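Enquirer: Attaching a predicted model along with its sequence, questions to come.
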Amino acid sequence: MSRIAAFIFRRKGRNGWHWTDIVTWIWLVGGLLIMFGPAVWLVGSSFKSPAALAEFPPTILPYVTQKATVEGYDKPLDLYDATLPDGSKAVLAEVRRIGVISQMVDPEKPGEIIKVNISQRTPVRTMAFATTNYTEPFTHFDFVRYLWNSVFVTVTATLITLVVNSMAAFALSKYEFRGRTFAMLLILATLMVPLSVIMVPLYSIVSALGLFNNLWGVILPTVATPTGVFILRQYMLTIPDELIDAARMDKASEWQIYWRIVLPLTAPALAVLAIFSVVWRWNDFLWPLIVLSRKELYTLQVGLSIYSGELNVQWHFILAMTVVTMIPVVLVFIFLQRFITTGIAGTGLK
Amino acid sequence: MKAETPRPAGSGFGEAIMVPVRLAMGLVDAPLRWVQRKLGLGGMAAFFLLPNMLIFGIFVLLPFFINFAYSMTGGTALFLDDRTFVGTDQYARLFDCSNYIDPNSCTEDTFWTAVGNTAWFVVLQVTLMILFSLVTALILNRELMARSFWRAVFFFPVLLSPVVVGLIWKWILQRQGLLNFALYGFGFEPYTWLNDRNWAFAAAVGVSIWAHMGFYTLILLAGLQAIPKDLYEAAEMDGTRPARAFWRITLPLLMPNLLVVIVLVLIRAVQIFDEVYVLTGGGPGTSTLYLTQYIYETGFATQLRNPGLAAAASILMGMVLVVLTLIQLGLGRSSEKKGSRK
């Protein structure tokens, strides 16, 4: 044990603990709890039944109260461990509660009502995962529809982003023409025009094009990203021009050069842009919220926010759907995180 | 970045997907050869640039320019042709105040409430964000076991969608939530945090820091790792105390990155919307109503929508952002670190 501890806490150079080491470990462990804790709590809660979700204090793990069907009563009754007035203990089913007195019956002898003070009884509970939280939204909320809309928007937008931006990057890195600097500056200038500044006129343009309440209205305004052009161009600049000249000698068309030579060589940068694009489009919220007003067109993010804003929030469904919405991004985090972190450290893009 | 030869496609699945793509791209080739003969090499450059420019033109530049026209018109009509020209009335309405410190004395009191809230939010959030991400970066830059794991820990929330972030915290801060549960252990009564004006504001600041600090930590960490180690060794040999080494070596050499990060955080903070909208909906009352939400609600959501007023407000916000972005680009150029947004 102590060797493991020594291994984990080993530090170069100094011997013994300096106060900065203590601060470091408090910060890291605190960070671990604060960063992952909320998400873990969300996942844990998503398996609780509505009754368990309404409880305070909440339990860490999902529990449900056991029920029993008793002869003479229509609905299953909750089971309790009760201490009877004579001091003996028994498992009883609650028929009704009046004030602090609970009227109970023995499931074996349903005829006779036993009155027990509510402080003398505790529910019989077992751990159970409420998987219906996950299965029911698929029939209740058009959840499949939202999922499909989100997948469609994400995949289509990412594919178009890759093609359109790589074409522009190719033109800006491998051709000499008048206005090249101007085009590059124009693209970079669009960095200064975020959605929140142009949403009113953009909405009118998208409507005029007939794309209001249309998933293409969500996709098209997002596909030309300045950062996409920027990282692809930086990468293509490192591809030697001799390759392209040689291909031209062999009578390759410009399209073939772009498609057969430059694109394959740009694969690493394309991968980075693809990952970013998937995360951006999957997470988009404000613009889909504006463009999509028909329920069957909602993306997951819009659907979730609308349902969570209702008066009677059905938290057991919302939590489960939130977990499902998190899954693709968590997969990206687990498997592709290094692409993203190197991408950010290299270019400062998000 | 260096170009490297791609690995040959490994899986049969990947190959299968590529077959129709290859076919399509091959089919496109013949007509494009014709285009190339007509346009010449320079023309092909324009051809490759065209789709991107078209989309930028229609969905970014055009809205940018007609936004000014919108801000000069009145009424509730959507399309510009149907709107009446009102000159600078919308701006006059936004600025119609008898006392600028007190939003209630203004015609558009919600606008000034949003401006005030946003200003407070920016001051608090930017300060705390820089503080937390700088401390985290400094700690991650130490000799650590499993540094990439710890870096990932702080980076995790960055990828989550704003809606998910908002819902996670709404669930934690509600009456039966985890926070009340934790405090209950210390004998506190449960409290509905998001129904309290001040706590809701604090939650908005805290949640947005939680969601984004990993991103800035990463940029700062890259900056820290670029500082040559021998500087510290030399300082140690001269008997320099660590605190002094921090002020005299680390901070000055990190300054270019730090400035870029500060401006980036500022730009984002001014536009704060998504996660707070899901978390509090701007409430209770108007205590967490920020500028973007004001523009969104004025332009789209309220019963009496007023696109002209929303456009005027968005132009005012845009001017702040343009100034900040120009500063950022200037800084980026001088430090050779590119900072940009999606």
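Expert: Arrived safely, thanks for sending. Residues are numbered from 1 along each chain as shown, chains lettered A, B, ... in the order given.
Enquirer: residue ranges with poor pLDDT in the stretch 201-342 of chain B?
Expert: B:332-342 (pLDDT under 70).
Enquirer: With the stretch 51-200 of chain B instead?
Expert: For the stretch 51-200 of chain B, applying pLDDT under 70 flags no range at all.
Enquirer: which residue ranges form the strands in it?
Expert: Listed in chain order, the strands of the stretch 51-200 of chain B (DSSP state E, counting those that start in this stretch) span B:73-74, B:84-85.
Enquirer: Pairing partners for the last one, with directions?
Expert: Which is strand B:84-85. For strand B:84-85, the paired strands and their directions (DSSP bridges) read strand B:73-74 (antiparallel).
Enquirer: Identify all contacting residues around the strand it pairs with.
Expert: By C-beta atoms under 8 Å, 6 or more residues apart in numbering or on different chains, the surrounding residues in contact with strand B:73-74 are B:80, B:83-86, B:89-90, B:306, B:308. All C-beta atoms are positioned from the backbone trio N, CA, C, and that covers glycine.
Enquirer: how about residue B:20, phi and psi?
Expert: Note on residue B:20: its backbone torsions stand at phi -60, psi -30 [degrees, to the nearest 10].
Enquirer: what is the mean pLDDT for stretch A:183-198?
Expert: Averaging pLDDT along stretch A:183-198 yields 84.
Enquirer: Enumerate the positions of that stretch that are buried.
Expert: A:183-184, A:186-198 (16 or more other C-beta atoms under 10 Å in any protein chain shown).
Enquirer: go on, stretch A:198-211?
Expert: Applying 16+ other C-beta under 10 Å to stretch A:198-211 flags A:198-207, A:211 as buried.
Enquirer: Please tell me how far it is from the chain's geometric centre.
Expert: Centroid separation for stretch A:198-211 versus its chain: 28 Å, with C-alpha atoms, centre = their mean, to the nearest Å.
Enquirer: Briefly note if that stretch comes near chain B.
Expert: Yes. Stretch A:198-211 lies within reach of chain B by C-beta under 8 Å from any C-beta of the partner chain, at A:198-209.
Enquirer: Contacts for that stretch, please.
Expert: A:195, A:212, A:217, A:220-221, A:286-287, A:290-291, B:58-60, B:62-64, B:66-67, B:69-70, B:78-80, B:295-296, B:299-300, B:307, B:310-311, B:314.
Enquirer: Please apply the same query to stretch B:193-207.
Expert: The contact list for stretch B:193-207 (C-beta under 8 Å, 6+ apart) reads B:117, B:120-121, B:124-125, B:128, B:165-166, B:169-170, B:173-174, B:179, B:272, B:275-276, B:279-280, B:283-285, B:287-288.
Enquirer: Narrow those to those in helices?
Expert: B:117, B:120-121, B:124-125, B:128, B:165-166, B:169-170, B:173, B:179, B:275-276, B:279-280 (DSSP state H).
Enquirer: Let me see the contact set for the closest residue to residue B:277 other than its chain neighbours.
Expert: Nearest residue to residue B:277, sequence neighbours excluded (C-beta to C-beta, 6 or more residues apart in numbering or on different chains): residue B:293, at 5.9 Å. Taking C-beta under 8 Å, 6+ apart, we find residue B:293 in contact with B:114, B:273, B:276-277, B:282.
Enquirer: Would you mind putting those residues into JSON lines with neighbour count alongside?
Expert: Shown next, in JSON lines, are these (neighbours: other C-beta atoms under 10 Å in any protein chain shown):
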{"residue": "B:114", "neighbour count": "26"}
{"residue": "B:273", "neighbour count": "21"}
{"residue": "B:276", "neighbour count": "28"}
{"residue": "B:277", "neighbour count": "26"}
{"residue": "B:282", "neighbour count": "24"}
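Enquirer: domains of chain A?
Expert: According to automatic domain parsing, chain A comprises the domains A:2-45, A:63-127, A:134-347.
Enquirer: Return the most buried member of those.
Expert: Using mean count of other C-beta atoms under 10 Å in any protein chain shown, the stretch among those with the largest mean neighbour count is domain A:134-347, at a mean of 19.
Enquirer: measure the residue with the largest distance to the centre of chain B to chain A for me?
Expert: Within chain B, the residue lying farthest from the chain centre (C-alpha atoms, centre = their mean) is residue B:37, at 44.8 Å. In this view, residue B:37 and chain A are 9 Å apart by C-beta to the nearest C-beta, to the nearest Å.
Enquirer: ok, that residue to residue B:31 distance?
Expert: Counting by C-beta to C-beta, to the nearest Å, the separation of residue B:37 from residue B:31 is 11 Å.
Enquirer: Kindly report the same for residue A:311.
Expert: In this view, residue A:311 and residue B:31 are 57 Å apart by C-beta to C-beta.
Enquirer: Check residue A:68 too.
Expert: Separation of residue A:68 from residue B:31 (C-beta to C-beta): 75 Å.
Enquirer: Residue A:56 too?
Expert: Distance from residue A:56 to residue B:31, by C-beta to C-beta: 68 Å.
Enquirer: repeat for residue A:336
Expert: Applying C-beta to C-beta, the value for residue A:336 to residue B:31 is 36 Å.
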